[in-house]
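Colleague: fold the following and give me the result.
(2 chains)
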Amino acid sequence: MLDLSFESPKPKVIAGAKHDWELVIGMEVHAQIATKAKLFSGASTQFGAEPNSNVAFVDAAMPGMLPVINEFCVEQAVRTGLGLKAQINLFSAFDRKNYFYPDLPQGYQISQLYHPIVGEGEVIVDMEPGIARLVRIERIHIEQDAGKSIHDMDPAMSFVDLNRTGVALMEIVSRPDIRGPEEAAAYVGKLRQILRYLGTCDGNMQNGNLRADVNVSVCRPGAYEKYQETQDFSHLGTRCEIKNMNSMRFIQAAIDVEARRQIAILESGGSVDQETRLYDPDKNETRSMRSKEEAHDYRYFPDPDLLPLEIEQEWVDGIAASLPELPDEKKARFVKDFGLSEYDASVLTAEVQNASYFEAVAGAAGDGKLAANWVINELFGRLKKDDRDITDSPVSPEQLAGIIKLIKAGDISGKIAKDVFEIVYTEGGDPAQIVEAKGLKQVTDTGAIEKAVDDVIAANPAQVEKAQQNPKLAGWFVGQVMKATGGKANPAAVNQIVMAKLGL
Amino acid sequence: MSIDTETARRVAKLARIKVEDDALPALAQEFNDILGFIEQLNEVDVEGIEPMTSVTPMRLKRRKDGVTDGNQQDKILANAPDAREGFFAVPKVVE
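Modeller: Sure, this is the predicted structure:
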């Protein structure tokens, strides 16, 4: 069994004017389901198309059009649920959430209020090695996205594009288990990582394919523990919901500023109104979305156009069997099998492509630790410098493994290896052949090294005297010998011979 | 459950149906009549009976994930009172 044990982090404490406060945060993450076509129509989900070109009559809510569910959306939601170790509901159903807005031509959003497809699950949110927050998932349901309104193209008009209307979303609802702004961002990050591993959402926050509503309340220290014991919400403060955030940085800033706003109200004897708020990053403040309050009465009712969604256990089992190894397991395995630090394992498993690359290198080179060092320090660093991605790395795992094998065989030093890496990166080629052709092979012939050491010692009598009094200075001789041999001498051998010749 | 004029006003507003003030009491009364009529259903004992979701035993129809529709901007916008540069143009709605 892999070791996945961890301790909970301390909750964030904000000092008010009068006393300390803690935060309680729950999140609703909207993740666009990765599919070709929309949830209930055959129109494309492609981002960035001509306005209103990815629209079927169903999406535009033309009279008489009926929704037909995209089976793959259901499969993706089930896969997500399984990835979050959640209960899968074989019976779920669709409801109408009624409200008026120009980018919602139906006048209602098809969602799943009463019978969501996925029930309770959990996410382990890593904060630092050995410390993580277990966040419970309350439910995941499938729903339609709305269109896009553009307000700045004309002074008097809003422009509406229905391309996104009807695209499938998963709404992933957490319990109020998140205890600070950093945890909230880390939760979204972890969720994003898992969804990307599963291939159920591309996690592109910039395009709005992953966005979060954040419920924030504050309480006095101790109150949250009472809530956890009893699951009685009356121990917690009144919450406000901050809508529609698509940046980790803004999520953190918004939570912080909203918590401080609530604390200021409570400490001056007021009370927090439960309401929907919007975060303004320019002013770094949240403000009430008053217009949402009236419309909050959504008058949900079961959608008469859609029969209940009934799925079979065998089908679910089939999806479960095809699940990839997920980040937590992969990380634990990297630590166990390759002897990596938890930190290195986290870096390598952040994206599944990185993890596969590393495993290919480690496998071919036969050394996990060395492979991790080279992938993280040299390759990632070099790719970052060129703003490139691992998927278009000019150095293949086989080439990098070739370099590592040369180091392990003692054919080249770490320093020469970096030069070889640069050559492979810019010009390509087989590392062993490059070393051979350019004569970079390390000198392990002790006779040759001894001669070089003798030469350096003979030429620097004053340094010899100093070094004999202060052995730390022997390093200078090693450096000189390395220089004289063009870096090709085996540093360990040089060191040994220098020490011997100096009588240290 | 009883619907008063205030509730009637609210329901009308949420449904974006314009109802003059003097028509609200009659509307509320109508609601109450309808609800009262439906309330009779409570007299039926449905203990242990599964709610019926369809009159015929049918499974929800499903579709494969393929792009089969779209690329008809002109048709989509054909009925729009105002459309510009491929967008529906509507009176400004902004927070």
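
Colleague: confidence score at whichever residue of the stretch 351-500 of chain A sits closest to chain B?
Modeller: For the stretch 351-500 of chain A and chain B, the shortest gap (C-beta to the nearest C-beta) falls at A:Val352, measuring 21.7 Å. Any C-beta I mention is one placed from the backbone N, CA and C, and that applies to glycine too. On pLDDT, A:Val352 comes in at 93.

Colleague: count the neighbours of it for me.
Modeller: The number of residues packed near A:Val352 is 18, by other C-beta atoms under 10 Å in any protein chain shown.

Colleague: I'd say it and A:Arg196 touch.
Modeller: Yes: using C-beta atoms under 8 Å, A:Val352 is in contact with A:Arg196, at 6.7 Å.

Colleague: and the helix of greatest length in chain B, anywhere near chain A?
Modeller: Looking across chain B with DSSP state H, the single longest helix is helix B:24-39. No: on the criterion C-beta under 8 Å from any C-beta of the partner chain, helix B:24-39 is out of touch with chain A, staying 13.7 Å away.

Colleague: ok, and for that helix, which residues are buried?
Modeller: Across helix B:24-39, burial judged by 16 or more other C-beta atoms under 10 Å in any protein chain shown covers B:24, B:27-28, B:31-32.

Colleague: any idea of the pLDDT on A:Val78?
Modeller: 98.

Colleague: what number of residues lie near it?
Modeller: Using other C-beta under 10 Å: A:Val78 sits among 25 other residues.

Colleague: now do A:Gln480
Modeller: A:Gln480 has 20 nearby residues by other C-beta under 10 Å.

Colleague: for it, which residues are in contact?
Modeller: A:456, A:460 (C-beta atoms under 8 Å, 6 or more residues apart in numbering or on different chains).

Colleague: next, it: secondary structure please.
Modeller: Assigned with DSSP: H, G, I helix; E, B strand; the rest coil, A:Gln480 falls in the helix class.

Colleague: what residues does the closest residue in space to A:Thr45 that isn't next to it in sequence make contact with?
Modeller: Nearest in space to A:Thr45, with sequence neighbours left out and distances taken as C-beta to C-beta, 6 or more residues apart in numbering or on different chains, is A:Val167 at 5.1 Å. A:Val167 makes contacts with A:32-33, A:38-39, A:45, A:144-145, as judged by C-beta under 8 Å, 6+ apart.

Colleague: and which of the residues you listed is nearest B:Arg10?
Modeller: A:Gln144 (25.7 Å; C-beta to C-beta).

Colleague: what about the closest one, distance to chain B?
Modeller: 15 Å (C-beta to the nearest C-beta, to the nearest Å).

Colleague: what does A:Asn70 give?
Modeller: 5 Å.

Colleague: repeat for A:Asp161
Modeller: A:Asp161 sits 6 Å away from chain B, going by C-beta to the nearest C-beta.

Colleague: likewise A:Phe338?
Modeller: From A:Phe338 to chain B the distance is 37 Å (C-beta to the nearest C-beta).

Colleague: what's the closest non-adjacent residue to that residue?
Modeller: A:Gly368 (2.7 Å).

Colleague: phi and psi next, for that neighbour.
Modeller: In terms of degrees, to the nearest 10, the main-chain angles of A:Gly368 are phi -70, psi -40.

Colleague: how about the residues of chain B by chain A?
Modeller: Within chain B, the positions near chain A by C-beta under 8 Å from any C-beta are B:10, B:13-14, B:16, B:53-54, B:58-73, B:75-77, B:82, B:84-95.

Colleague: out of those, which end up buried?
Modeller: B:14, B:60, B:63, B:65, B:67, B:69-73, B:76-77, B:87-90.

Colleague: so where's chain B uncertain?
Modeller: B:1, B:95 (pLDDT under 70).

Colleague: can you tell me the centre-most residue of it?
Modeller: In chain B, the centroid-proximal residue (C-alpha atoms, centre = their mean) is B:Ala15; its distance is 7.7 Å.

Colleague: helices of the stretch 351-500 of chain A, start to end?
Modeller: A:352-365, A:368-373, A:380-385, A:397-408, A:414-427, A:431-437, A:446-459, A:461-469, A:474-484, A:491-502 (DSSP state H, counting those that start in this stretch).

Colleague: how about JSON lines for these, with distance to A:Tyr343 added?
Modeller: Conversion of the helices of the stretch 351-500 of chain A to JSON lines gives the following (distance: least, C-beta to C-beta, whole Å):
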{"stretch": "helix A:352-365", "distance to A:Tyr343": "14"}
{"stretch": "helix A:368-373", "distance to A:Tyr343": "10"}
{"stretch": "helix A:380-385", "distance to A:Tyr343": "13"}
{"stretch": "helix A:397-408", "distance to A:Tyr343": "20"}
{"stretch": "helix A:414-427", "distance to A:Tyr343": "21"}
{"stretch": "helix A:431-437", "distance to A:Tyr343": "28"}
{"stretch": "helix A:446-459", "distance to A:Tyr343": "37"}
{"stretch": "helix A:461-469", "distance to A:Tyr343": "38"}
{"stretch": "helix A:474-484", "distance to A:Tyr343": "29"}
{"stretch": "helix A:491-502", "distance to A:Tyr343": "27"}
